[in-house]
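Chemist: what's the 3D shape of this:
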Amino acid sequence: MIITVPTSPNYATVSFTLNRNIAASRSVFTNRQRIQEYDGCYWTAQVTLPPMQRTDALEWTTFLTRLQGVKNTFLLGDPSHTTNSGTYNDDHLATENRVNDTSETLTFTASTSTITAGTSIFTNTFAGDFIVVSGATNDDNNGTFKVTTKTSATAVVVDRTLVDESSTANCKVRQNIKGATGLSLTRVGSGAGTIKKGDYLAILDAAATTGDPVQYVMVVEDATASSTDYGVRIEPKLRADITAGHYVKFATPKGQFRLASNQVSWSVNQASIYGLSFTAVEVING
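Modeler: Numbering: from 1, shown residues only. Coordinates of the predicted model:
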């Protein structure tokens, strides 16, 4: 159950932390490092409420009690950025898989940073869009790429250094999948406008405005718009594949959080002034 957060009094402070699970090892002989990033990447928040009298405190103490420790959840966003800087004028966007090829022969050209496909899989992509490649022999040719130039329906220039590799069969070129650091979105209704660096987005679990957030992400560079479509670079990476058509909330986005422990507490002084604080962790399902 998602419990509604009280709106008054507002937070005194909220400290957001983005946590990553990355292992690093160093050779004692060469001093070279090896880095391994794991899937666990999530937000935590330390919330402190202002001193308050009993009437206001009851709203918060009952909220914390209704959470039943880590059992129930609530919605929380960065309170310093409740309104995004972008001018996109609809509440939501939707995911759109403009390329979704699970068996393609690809050639990678290092000198021009070009990916060439055996068929016309890039027909609907555009400069500024994001694709995710897997199945290449050289690992540098796998991962998320931003399309900088669309040469043709079979070839795109990308923003990362490639390694020469010719005619590798059974590669995949997809969008909005687990591990992607770019979203491929389209407008909802007549929505239009910009999505700016520093804006937050909430990825929902359904193709409906009533869906629940499954991941809270930050836009880390100004998005590229092409007609009604958007290519958006995000952090952290997607934790799971997103079904095409699922909604992404732009207006006042919030992530889904739960308490970090089963204990809740508050203090009261002789003047019946309450002090409350709690720690929350982003919900990761599945």
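Chemist: tell me, what residue is most central in the chain?
Modeler: Residue closest to the average C-alpha location in the chain (C-alpha atoms, centre = their mean): V217, at 3.0 Å.
Chemist: a strand runs through D56, doesn't it?
Modeler: No. Counting by DSSP: H, G, I helix; E, B strand; the rest coil, one finds D56 to be helix, located in no strand.
Chemist: what's the neighbour count on it?
Modeler: 17 (other C-beta atoms under 10 Å). (Each C-beta comes from the backbone N, C-alpha and C, glycine too.)
Chemist: same question, T209
Modeler: With other C-beta under 10 Å as criterion, T209 counts 11.
Chemist: Any idea what C41 is bridged to?
Modeler: R20 (DSSP bridges).
Chemist: how near is it to P253?
Modeler: Counting by C-beta to C-beta, to the nearest Å, the separation of C41 from P253 is 18 Å.
Chemist: shouldn't the residue nearest to the centre of the chain be in contact with G198?
Modeler: No. Assessed by C-beta atoms under 8 Å, V217 is found out of contact with G198, at 11.8 Å.
Chemist: wait, what's in contact with E282?
Modeler: Neighbour list for E282: Y42, W43, T44, Q215, Y216, G255, Q256, F257 [criterion: C-beta atoms under 8 Å, 6 or more residues apart in numbering].
Chemist: Can you tell me who it pairs with across the strands?
Modeler: F257.
Chemist: Next one: it relative to L93, how far apart?
Modeler: Taking C-beta to C-beta, one finds E282 at 21 Å from L93.
Chemist: ok, now how distant is the residue nearest to L183 when sequence neighbours are not counted from T48?
Modeler: Spatially, and ignoring its direct neighbours in sequence, L183 is nearest to V232 (4.4 Å; C-beta to C-beta, 6 or more residues apart in numbering). According to C-beta to C-beta, V232 stands 32 Å off from T48.
Chemist: Looking at those two, which is more packed in?
Modeler: A count of neighbours by other C-beta under 10 Å puts V232 above the other of V232 and T48, at 26 against 13.
Chemist: Walk me through which strands whichever strand or helix holds the more buried one pairs with, and which way each runs.
Modeler: Assigned by DSSP states H and E, V232 falls within strand 229-235. Sheet pairing for strand 229-235, assigned by DSSP bridges, gives strand 182-187 (antiparallel), strand 213-219 (antiparallel), strand 224-226 (antiparallel).
Chemist: Of all the ones you listed, which one is nearest L64?
Modeler: Closest to L64 of these, according to C-beta to C-beta: strand 213-219, at 20.4 Å.
Chemist: Now the closest one: average pLDDT?
Modeler: For strand 213-219, mean pLDDT rounds to 97.
Chemist: could you dump it to PDB, C-alpha only?
Modeler: Extracted C-alpha coordinates of strand 213-219, given in PDB (Å, rounded to 0.1, in the frame of the first residue of the first chain):
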ATOM      1  CA  PRO A 213       6.600   4.700 -10.000                       C
ATOM      2  CA  VAL A 214       9.200   1.900 -10.400                       C
ATOM      3  CA  GLN A 215      12.300   4.100 -10.800                       C
ATOM      4  CA  TYR A 216      13.200   7.700 -10.100                       C
ATOM      5  CA  VAL A 217      15.900   9.100 -12.500                       C
ATOM      6  CA  MET A 218      17.600  12.400 -13.300                       C
ATOM      7  CA  VAL A 219      18.100  13.900 -16.700                       C
END
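Chemist: Touching that strand from outside, list them.
Modeler: With contacts defined as C-beta under 8 Å, 6+ apart, strand 213-219 is touched by 43, 75, 77, 86, 183, 195-205, 232-236, 238-240, 249, 253-256, 282-283, 285.
Chemist: again, but for stretch 142-149
Modeler: Contacts of stretch 142-149 (C-beta under 8 Å, 6+ apart): 113, 115, 122, 125-136, 156-160, 179-182, 231, 233, 237.
Chemist: run the last query once more with 7 Å
Modeler: Outside stretch 142-149, the residues that touch it by C-beta atoms under 7 Å, 6 or more residues apart in numbering are 125-134, 136, 156-160, 180-182, 233.
Chemist: With just CA atoms, put it into PDB.
Modeler: Taking C-alpha atoms only, stretch 142-149 is exported to PDB below (Å, rounded to 0.1, in the frame of the first residue of the first chain):
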ATOM      1  CA  ASN A 142      28.200  -2.900 -26.600                       C
ATOM      2  CA  GLY A 143      26.200  -0.600 -24.300                       C
ATOM      3  CA  THR A 144      24.200   2.600 -24.600                       C
ATOM      4  CA  PHE A 145      25.100   5.000 -27.500                       C
ATOM      5  CA  LYS A 146      23.800   8.400 -28.400                       C
ATOM      6  CA  VAL A 147      23.200   8.800 -32.200                       C
ATOM      7  CA  THR A 148      25.000  11.900 -33.300                       C
ATOM      8  CA  THR A 149      24.300  11.600 -37.000                       C
END
